[in-house]
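*Asks:* Everything below, folded, please.
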Amino acid sequence: MGSAVGVAVIVGVGVAVQVAVVGRASRLTHPLAISLALQISGVSVGLVWAFARRSWPEVWSVSVQWWWLPLGALGWVIVAALGFAAARLGASATLAIVVATQLSAALALDLASGRMSLTPRHPMGVALLVAGVILVTTRS
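*Replies:* Residues are numbered from 1 along each chain as shown. Modelled structure (predicted):
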């Protein structure tokens with residue numbers, strides 16, 4: 001679990017940096033263009049990985065599934081939307097709203113799938129995140 005937490009922390013920092021950079025760039029260039037450029041960059045790095053590891057069978061096994069196309073399109077739109085919002089709200093306010101919303105949606109998905117049972121701690125955690133959103137986004 002320790003390494004997973006470390007990876008999650010690194011991803012959190014990476015997302016914050018990416019949103020800040022994309023937000024700044026979105027003031028000058030359309031967010032969908034920036035997102036496409038990032039997708040192309042990601043594909044380029046992924047190609048190097050797939051060639052180096054000879055992982056094409058794994059790539060093809062996912063590529064033939066129906067769900068990869070809408071999720072890939074959603075990823076493109078998400079990055080653009082993050083840039084759009086960050087250009088107007090700032091990276092911290094955008095990510096505060098996104099994280100609170102992500103937790104709420106993930107909690108609902110976990111409950112609907114039966115992966116967890118609702119306890120009083122869950123809505124309290126969401127309430128704390130919403131309070132954090134209010135604190136981060138309210139101008140003083």
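*Asks:* now residue 117, what's its secondary structure?
*Replies:* coil (DSSP: H, G, I helix; E, B strand; the rest coil).
*Asks:* same thing with residue 103?
*Replies:* Of the three states, residue 103 takes helix according to three-state DSSP.
*Asks:* burial of it, as a residue count?
*Replies:* By the criterion of other Cβ atoms under 10 Å, residue 103 has 16 neighbours. From N, CA and C alone the C-beta is placed, and that goes for glycine too.
*Asks:* what's near enough to touch it?
*Replies:* 125-126, 129 (Cβ atoms under 8 Å, 6 or more residues apart in numbering).
*Asks:* Give me the buried subset of those residues.
*Replies:* residue 129 (16 or more other Cβ atoms under 10 Å).
*Asks:* Now do residue 12 against residue 18, distance only.
*Replies:* 11 Å (Cβ to Cβ, to the nearest Å).
*Asks:* how many neighbours does residue 83 have?
*Replies:* Neighbours around residue 83, by other Cβ under 10 Å: 30.
*Asks:* do the same with the one 10 residues further on
*Replies:* Under the neighbour criterion other Cβ under 10 Å, residue 93 is assigned a count of 17.
*Asks:* nearest residue to it other than its sequence neighbours?
*Replies:* Distances taken as Cβ to Cβ, 6 or more residues apart in numbering place residue 137 nearest to residue 93, at 4.5 Å, with adjacent residues excluded.
*Asks:* Kindly tell me how buried the one you found is, as a neighbour count.
*Replies:* Residue 137: 14 neighbours (other Cβ under 10 Å).
*Asks:* Name the residues that touch stretch 75-90?
*Replies:* Here stretch 75-90 makes contact (Cβ under 8 Å, 6+ apart) with 18-20, 22-27, 31-32, 34-36, 38-39, 94, 97-98, 137.
*Asks:* Show me those that map onto helices.
*Replies:* Counted as lying in helices by DSSP state H, out of those, are 18-20, 22-25, 31-32, 34-36, 38-39, 94, 97-98, 137.
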